[in-house]
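K.L.:
Fold the following, please.
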Amino acid sequence: MTRLRTVAVVGCGIGRSHIVEGYVPNADKFRLLAICDIDEKKMHALADEFSVERRIADFDDLLAMDDLDIIDICTPPKLHFPMVMKALKAGKHVICEKPLVGSLSEVDQVIAQEKLSKGRLMPVFQYRFGDGIEQAKAIIDAGIAGKPFIGSVETFWTRGPDYYEVPWRGKWATELGGVLMTHAIHQHDLFNYLMGDIKRLFGRVATRVNKIEVEDCVTASIELTNGALASFTATLGSADEITRIRLTFEHVTFESDHEAYNPGAKPWVILPRDQATKDKIDALLKDWKHVPSRFQTQMARFFDALENGSALPVTSADSRRALELVTAFYYSSLTHQDVELPIPNDHPNYESWIPAAFRQTDEVPHGNRS
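P.N.:
Model (predicted):
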């Protein structure tokens, strides 16, 4: 009989979604052992809801639990780096919400620590999982789509003043960025996942929707290493909410379902250029088995990777690629210059993209996140 992997969820905001979508449907794989949050009211409410006995206010107490396998970090972004490092040093497996950390320097330190730890780290990019995104990926990986030509990513979401009533949001020191870092990072990851690595970026960021420190509107022109071109646009000021990814290849054009927070779930629009291509796609997808979306599949595949020693469904290298894009975006907007990737460790933004005036911070609560 397969042993259940024990989990502690740290943070009761998005942490609840991890439980509902990730651990409850995978009850044959995971056992929720503890809830950790400094907000005792929220911690007890979540623990009561899922009948969890251990309620922990101090993160460090989790590190000493011999019967705890996995620490799932769902705290404000500023706390991810120290918590991930502590958990890895304690030999725990780690799941961490996006953004993994707050700079290329930090992610390189995490990658170095991973090599020394017996625990494995999986960052969260839950939009990668579902029928739509995985069918597109299968077609591309099979070579049916052919050469990539051009693509666009549109993240048109809505966030008003009430969203920023949560104290850590909208601030450089605690959220580490705005729509680029917290919201569009998922869609940009999907683009890289399907189209390939970025070679050069010219970007703009602006704060136009809310009275916050960080950006809520961005746009960029992209060149990929394979020669394809792309545009990225994101805002938190849309009257409705959609996520749209449209990718044109030599033989196939793909367009995502427009649902804002789960663009990979439903089958995408797949437009083959000719009948021969359609026949290849039909043959490839003929016996397709349904892939549950978001956390359900990501957590299940994490379990399989731990059991079998196989590749993780999302890696720290994937997070590094996402953070390299963020680094280039902010620097391009600041300097009004193209930025070429990869970004070297002597780059001005390698240690931090946060404006110097905002790099000093007070202690940050490590409780709620949503």
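K.L.:
Poorly predicted segments of the stretch 201-350 of the chain, please.
P.N.:
Filtered on pLDDT under 70, the stretch 201-350 of the chain yields no residues whatsoever.
K.L.:
Need the single longest strand in this structure, by residues.
P.N.:
Longest strand of the chain, by residue count under DSSP state E: strand 237-249.
K.L.:
Given the next helix or strand after that strand, what are its sheet partners and their directions?
P.N.:
Note on strand 237-249: by DSSP states H and E, the next helix or strand toward the C-terminus is strand 252-255. Strand 252-255 has the following strand partners under DSSP bridges: strand 237-249 (antiparallel), strand 269-272 (antiparallel).
K.L.:
Check what contacts strand 252-255 and list those residues.
P.N.:
136, 139, 144-146, 194, 244-247, 268-273, 277, 281 (C-beta atoms under 8 Å, 6 or more residues apart in numbering). (Glycine included, C-beta is placed from N, CA and C.)
K.L.:
do the same with stretch 19-31
P.N.:
Counting by C-beta under 8 Å, 6+ apart, 2, 4-7, 9, 32, 46, 50, 70, 126, 292, 294-296, 298-300, 303 sit against stretch 19-31.
K.L.:
Just the ones of the residues you listed in helices?
P.N.:
Among these, the members found in helices (DSSP state H) are Leu46, Phe295, Gln296, Gln298, Met299, Ala300, Phe303.
K.L.:
Those into TSV, with extra columns for neighbour count and distance to Ser221?
P.N.:
TSV is the format used below for the ones in helices among the contacts of stretch 19-31 (neighbours: other C-beta atoms under 10 Å; distance: C-beta to C-beta, whole Å):
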residue	neighbour count	distance to Ser221
Leu46	22	43
Phe295	24	33
Gln296	20	36
Gln298	25	31
Met299	28	36
Ala300	20	38
Phe303	17	40
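K.L.:
can I get the residues you listed in TSV with distance to Ala184?
P.N.:
Output for the ones in helices among the contacts of stretch 19-31, formatted as TSV (distance: C-beta to C-beta, whole Å):
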residue	distance to Ala184
Leu46	28
Phe295	19
Gln296	23
Gln298	19
Met299	23
Ala300	26
Phe303	29
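K.L.:
Which of the strands paired with strand 252-255 sits closest to Ser352?
P.N.:
strand 237-249 (26.7 Å; C-beta to C-beta).
K.L.:
Mind listing what's buried along that closest one?
P.N.:
Of all the residues in strand 237-249, those buried under the rule 16 or more other C-beta atoms under 10 Å are Ser238, Thr243, Arg244, Ile245, Arg246, Leu247, Thr248, Phe249.
K.L.:
show me what contacts the fourth one?
P.N.:
Counting by C-beta under 8 Å, 6+ apart, Ile245 touches Gly151, Ser152, Val153, Glu154, Gln187, Leu190, Phe191, Leu194, Phe254, Glu255, Ser256, Pro263.
K.L.:
which helices and strands does the longest helix along the chain pack with?
P.N.:
Longest helix in the chain by number of residues (criterion: DSSP H): helix 316-335. With contacts defined as 3 or more C-beta pairs under 8 Å, 6 or more residues apart in numbering; DSSP states H and E, helix 316-335 has these neighbours: helix 104-116, strand 121-123, helix 185-195, strand 198-206, strand 217-224, strand 339-340.
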